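Peer 1: what follows is a predicted protein model with its sequence.
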Protein chains: 2
Amino acid sequence: MARRTGRRPGNPDTREAILTAARNAFADRGYDGASIRSIATGAGVDPALVHHYFGTKEQLFMDVVGAPIDPREVLPRVVAGGKEEVGERLVRTMLSIWDSPAGAAGVALMRSALSHDWTARLMREFLTTQILRRVMKQLDMNPREAPLRASLVASQVAGLAMVRYVLKIEPLASAPPDVVVAAVAPTIQRYVTGDLS
Amino acid sequence: MARRTGRRPGNPDTREAILTAARNAFADRGYDGASIRSIATGAGVDPALVHHYFGTKEQLFMDVVGAPIDPREVLPRVVAGGKEEVGERLVRTMLSIWDSPAGAAGVALMRSALSHDWTARLMREFLTTQILRRVMKQLDMNPREAPLRASLVASQVAGLAMVRYVLKIEPLASAPPDVVVAAVAPTIQRYVTGDLS
DNA sequence: CGTTGAGTTCATCGAGCGTTGAATTTCAGG
DNA sequence: CCTGAAATTCAACGCTCGATGAACTCAACG
């Protein structure tokens, strides 16, 4: 078993180069706007090589947006400490993620979620089954009103990402994290624990 | 002058049919996904006829998203009555617009704003120069902090539109307007008149 | 050295796109 | 009826795209 001879994976850098080129291209121009050919050019390789490594374009997109997100690593930081200051912790965590290289993947997912139904479904299912459900459980919210609270939180989070990272509307696009947290955290906090009637 | 003989514009219905087909197509599949050919098929005409009426595809898109929005008609309803209940009036006005046929144009603009830079610029400039600046002026807000307040309002409005009308995340997507107003209006109100530090 | 298989390139296919210009139909005015 | 302009269609051009499959390069191993 595992009798493997022949050339060894000499240049695994190429795969990474394609991935980062794809991430930037998807973030800059969306799923349709980013052509396999342009991604290959950005990585300095032949277009066919992209298919060789990642199969179809859809699979490449999945690898780009599915890799840098691991909810089980991020969520505890938000949930730990009870629900009294969850708003501030959520906004702060979100900003730290979106200001990192993983933010480009987020922009890519967001751009494409509004262009294709299957990416929208991808994002919706990721949000609901991976994020919101776990948060609800660990904060033991009232199951009757938890879904509404969760979608309200999603609305403010999505809107903040859109204005700050995609549309880049000033001054929110360049405001320091502390200012954003001070402004937005109370909104999230009210959506989670406040009175909604 | 104006000596015009020959056939009169006999079927102005066709033009409208193309416009509504284009609005639905742009809203459903975005700017790129909606092909001129599919729009023509949806209107029951030849693709060349679309160009005959609207020129290039970009101009057709402008006609679709530029027509049903007239800020001078909507803004007074939001601004009138001072800044004390502006949150509720803004959310209620927004819902009434997005639940009408004009909402499809909004979805189209939103979908495309995340796919192309020039539509993003279109939306940004429309928001800032047509909406936010007028609201700021008529509410005589402090010019020093008004831009930040305006972009915060934009973030919650954009996020609500995205969750409710584009991604259609439940239960916010189907919640009756009164519930949405009760939940979101205080957020807008605080962004306009509240303490942000 | 010769085989092997992964890395990489090349040429190409078929499809869909926006757009164009000429042809054809339709119909109000003279 | 006849003319001419608008409404509408037809056929085609040039382009880009995703994908495919055959060819070539080359390091590792027996």
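Peer 2: Arrived safely.
Peer 1: what residues of stretch A:108-117 count as buried?
Peer 2: By neighbour count on 16 or more other CB atoms under 10 Å in any protein chain shown, the buried set for stretch A:108-117 is A:A108, A:L109, A:M110, A:R111, A:S112, A:A113, A:L114, A:S115, A:H116. No exception for glycine: its C-beta is placed from N, CA and C like everyone else's.
Peer 1: B:M162: which of the residues you listed is nearest?
Peer 2: Nearest to B:M162 among the buried residues of stretch A:108-117, counting by CB to CB, is A:L114 at 7.7 Å.
Peer 1: ok now do the closest one, which residues does it touch?
Peer 2: Shown in contact with A:L114 (CB atoms under 8 Å, 6 or more residues apart in numbering or on different chains): A:A120, B:G30, B:M110, B:R111, B:L114, B:S115, B:M162, B:V166.
Peer 1: follow-up on the earlier one: show me the buried residues of stretch A:108-117 that map onto helices.
Peer 2: A:A108, A:L109, A:M110, A:R111, A:S112, A:A113 (DSSP state H).
Peer 1: from B:V192, how far off is the last one?
Peer 2: A:A113 sits 29 Å away from B:V192, taking CB to CB, to the nearest Å as the criterion.
Peer 1: can you check the fifth one too?
Peer 2: The span separating A:S112 from B:V192 equals 33 Å under the rule CB to CB.
Peer 1: quickly check: stretch A:35-55 near chain B or not.
Peer 2: No - legend: contact between stretch A:35-55 and chain B by CB under 8 Å from any CB of the partner chain is lacking; minimum distance shown is 11.7 Å.
Peer 1: quick one: terminal-to-terminal distance for that stretch?
Peer 2: 14 Å (CA to CA, to the nearest Å).
Peer 1: how about the contacts made by the residue lying closest to A:A175 once chain neighbours are set aside?
Peer 2: With CB to CB, 6 or more residues apart in numbering or on different chains as the criterion, A:A175 has its nearest non-adjacent residue at 6.9 Å, and that residue is B:L148. Contacts for B:L148 (CB under 8 Å, 6+ apart) come out as A:P171, A:L172, A:A175, A:V179, A:A183, B:L196.
Peer 1: which one of those is nearest DNA strand C?
Peer 2: A:L172 (33.4 Å; CB to the nearest atom of the strand).
Peer 1: can you give me phi and psi for the closest one?
Peer 2: Backbone torsions of A:L172, given as degrees, to the nearest 10, read phi -70, psi -30.
Peer 1: what about it, neighbour count?
Peer 2: 24 (other CB atoms under 10 Å in any protein chain shown).
Peer 1: check A:F61 too.
Peer 2: Other residues close to A:F61 by other CB under 10 Å number 23.
Peer 1: what of the one 5 residues further on?
Peer 2: As a burial measure, the neighbour count of A:G66 was computed by other CB under 10 Å and equals 14.
Peer 1: likewise the one 10 residues further on?
Peer 2: Using other CB under 10 Å, A:P76 is surrounded by 12 other residues.
Peer 1: for it, give me the pLDDT.
Peer 2: For A:P76, the pLDDT comes out at 82.
Peer 1: nearest to A:A21, of the ones in helices among the buried residues of stretch A:108-117?
Peer 2: Looking across these and measuring by CB to CB, the closest to A:A21 is A:A108, at 12.1 Å.
Peer 1: now do the same contact list for the closest one.
Peer 2: By CB under 8 Å, 6+ apart, the residues touching A:A108 are A:R23, A:F26, A:A27, A:G30, A:Y31, A:F61, A:V64, A:V65.
Peer 1: columns distance to DNA strand C on top of the contacts of A:L114, output as TSV?
Peer 2: Listed next are the contacts of A:L114 as TSV, based on distance: CB to the nearest atom of the strand, whole Å:
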residue	distance to DNA strand C
A:A120	19
B:G30	11
B:M110	19
B:R111	15
B:L114	18
B:S115	13
B:M162	24
B:V166	21
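Peer 1: and which of the residues you listed is nearest A:I36?
Peer 2: B:S115 (17.3 Å).
Peer 1: pretty sure the closest one sits against B:F26.
Peer 2: No - the criterion here is CB atoms under 8 Å, and B:S115 misses it with B:F26 at 10.9 Å.
Peer 1: against A:V157, how distant is A:T93?
Peer 2: 11 Å.
Peer 1: which one of the two is surrounded by more residues?
Peer 2: For A:T93 versus A:V157, neighbours defined as other CB under 10 Å are more numerous around A:V157 (22 against 14).
Peer 1: chain neighbours aside, what residue packs nearest to that one?
Peer 2: A:M94 (6.4 Å).
Peer 1: and what of A:L160?
Peer 2: Per CB to CB, 6+ apart, closest to A:L160 is B:S155, 4.9 Å.
Peer 1: do A:D32 as well
Peer 2: A:D32 sits nearest to B:D32 (CB to CB, 6+ apart), 4.8 Å away.
Peer 1: please save the CA atoms from stretch A:124-136 in CSV.
Peer 2: Extracted in CSV, the C-alpha atoms of stretch A:124-136 (Å, rounded to 0.1, in the frame of the first residue of the first chain):
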residue,chain,number,x,y,z
ARG,A,124,-27.8,31.2,5.1
GLU,A,125,-27.3,27.6,6.2
PHE,A,126,-23.8,28.4,7.5
LEU,A,127,-25.2,31.2,9.6
THR,A,128,-28.2,29.4,10.9
THR,A,129,-26.9,25.9,11.6
GLN,A,130,-23.3,26.7,12.5
ILE,A,131,-23.5,30.0,14.2
LEU,A,132,-26.9,31.1,15.5
ARG,A,133,-28.0,27.7,16.7
ARG,A,134,-24.9,27.2,18.9
VAL,A,135,-25.0,30.7,20.3
MET,A,136,-28.7,30.3,21.2
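Peer 1: buried stuff in that stretch?
Peer 2: Within stretch A:124-136, the residues that count as buried by 16+ other CB under 10 Å are A:R124, A:F126, A:L127, A:T128, A:I131, A:L132, A:R134, A:V135, A:M136.
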